[in-house]
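>>> Just a sequence and a predicted model for now, questions to come.
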Amino acid sequence: GDSVTQMEGPVTLSEEAFLTINCTYTATGYPSLFWYVQYPGEGLQLLLKATKADDKGSNKGFEATYRKETTSFHLEKGSVQVSDSAVYFCALSAGTYKYIFGTGTRLKVLA
Amino acid sequence: DSGVTQTPKHLITATGQRVTLRCSPRSGDLSVYWYQQSLDQGLQFLIQYYNGEERAKGNILERFSAQQFPDLHSELNLSSLELGDSALYFCASARTASTDTQYFGPGTRLTVL
């Protein structure tokens, strides 16, 4: 069945460091791919998405490129801030349009 | 603010009890999804409704049920509660049954004692 694999956390970085959170997927067909962010005590917020191969989603300095050949959708940010501390979820949507989520990666950014 | 509202924010109850969680989708959205977030299972899809009809089912227990009303709000009913049902329950909405972007509510934290 469809699945999403995310790198284990937590990830701890200093402010202004480069961020990569790896995400790979398995799916039949052509899924849409998403990154959601969950701040402490809050619900999930859509961060970015891509709907077809080679699409790049971007928002608030975060980017991810839909790579069909490597079945990946890695999240990157050039310079993280303390306010980026949160849990990041990679997800795919295919067929029935329910989401399949990864396990989440906790990011902690230190000042 | 996603525009999706959920009530209550917190719920504490005892084993064996029954509770109802409520969700109001974004204005204009016809599709509602329910998810459970727990430490051991992560985020799991439970059930989807579209315009009042059940559309898709995931890992939803028989003790759980849901419905979507004519005004499009949805309720998730959890009965014969067990300790393991303690979790965050999220509702998400989307414009149609096939729109792929879902918008999540803030969640209801259920604690079963």
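Perfect, thanks for sending it.
>>> so where is the chain shaky, pLDDT-wise?
Here I'm looking at chain A. Chain A contains residues with pLDDT under 70 at A:95-97.
>>> please go with chain B instead
Applying pLDDT under 70 to the predicted model, the residue ranges of chain B that meet it are B:99.
>>> What residues does it have near chain A?
B:2, B:4, B:6, B:31, B:33, B:35, B:42-45, B:48, B:55-56, B:58, B:90, B:92, B:94, B:97-107 (Cβ under 8 Å from any Cβ of the partner chain). Every residue, glycine included, has its C-beta placed from N, CA and C.
>>> Would you mind checking those residues for buried ones?
Of the members of these, the ones counted as buried by neighbours, 16 or more other Cβ atoms under 10 Å in any protein chain shown, are B:2, B:4, B:6, B:31, B:33, B:35, B:42-45, B:48, B:55-56, B:58, B:90, B:92, B:94, B:97, B:100, B:102-107.
>>> Mind checking which of the residues you listed are in strands?
The subset of these located in strands under the criterion DSSP state E comprises B:6, B:31, B:33, B:35, B:42-45, B:48, B:55-56, B:90, B:92, B:94, B:103-104.
>>> wait, which of those residues is closest to A:S83?
B:F104 (19.7 Å; Cβ to Cβ).
>>> check contacts around the closest one.
B:F104 makes contacts with A:36, A:43-45, B:2, B:4, B:90-92, as judged by Cβ atoms under 8 Å, 6 or more residues apart in numbering or on different chains.
>>> Then B:G42?
B:G42 is in contact with A:101-104, counting by Cβ under 8 Å, 6+ apart.
>>> and the residue most central in space within chain B, bridged to which residues?
Central residue check for chain B by Cα atoms, centre = their mean: the C-alpha nearest the mean position is that of B:W34, 3.3 Å away. Counting by DSSP bridges, B:W34 is bridged to B:I47, B:C91.
>>> Does it touch B:S74 like I think?
Yes. Counting by Cβ atoms under 8 Å, a contact exists between B:W34 and B:S74, whose distance comes to 7.3 Å.
>>> what's the overlap in contacts for these two?
The contact sets of B:W34 and B:S74 overlap at B:23, B:66, B:91 (Cβ under 8 Å, 6+ apart).
>>> Export the residues you listed to CSV and append columns for neighbour count.
Formatted as CSV, those follow (neighbours: other Cβ atoms under 10 Å in any protein chain shown):
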residue, neighbour count
B:C23, 27
B:A66, 23
B:C91, 30
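>>> can you put these in CSV and add distance to A:A50?
What follows is the shared contacts of B:W34 and B:S74, written out as CSV (distance: Cβ to Cβ, whole Å):
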residue, distance to A:A50
B:C23, 27
B:A66, 30
B:C91, 25
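>>> quick check, nearest of the residues you listed to B:E82?
Top of the list for closeness to B:E82, among the shared contacts of B:W34 and B:S74 and by Cβ to Cβ, is B:A66 at 18.1 Å.
>>> Relative to chain A, how far out is that closest one?
To chain A, B:A66 is 14 Å away according to Cβ to the nearest Cβ, to the nearest Å.
>>> What of B:E53?
14 Å.
>>> Report the beta-bridge partners for that residue.
Here B:E53 sits in beta bridges with B:Y50, going by DSSP bridges.
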